[in-house]
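Participant: predicted model and sequence follow; I will ask about them next.
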Amino acid sequence: ATQRAQARETLLKNLDPILQAYIKENNISLVVDKKDMLGGNPDIDITNIIVEKLNKELPSLNLK
């Protein structure tokens with residue numbers, strides 16, 4: 001696999017537990033991928049929070 005594919009696999013493997021923990025801690029009912037969303041309140045967008053947590057967990061990927 002390419003380096004990009006390996007990085008994506010690593011990212012997804014580490015994303016799930018972080019996301020699941022955040023969902024449980026914050027009593028979230030639903031998480032929707034941004035690309036599948038037609039609209040919504042920007043105040044409920046957790047993308048930056050999750051990216052920040054991933055960057056702490058996987059500093060070598062350094063997501064922007």
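Facilitator: Looks like it arrived, so ask away. Numbers count the residues shown, from 1 in each chain.
Participant: now the strand or helix carrying Lys13: buried residues?
Facilitator: For Lys13, the element it lies in under DSSP states H and E is helix 3-25. For helix 3-25, a neighbour-count test (16 or more other CB atoms under 10 Å) marks 15, 18-19 as buried. Glycine gets a C-beta too; all of them are placed from N, C-alpha and C.
Participant: same question for stretch 37-52.
Facilitator: Per 16+ other CB under 10 Å, stretch 37-52 contains these buried residues: Ile50.
Participant: low pLDDT regions in this protein?
Facilitator: For the chain, applying pLDDT under 70 flags the ranges 1, 61-64.
Participant: give me the most central residue, this protein.
Facilitator: Ile50 (4.6 Å; CA atoms, centre = their mean).
Participant: what residues are up against that residue?
Facilitator: 15, 18-19, 22 (CB atoms under 8 Å, 6 or more residues apart in numbering).
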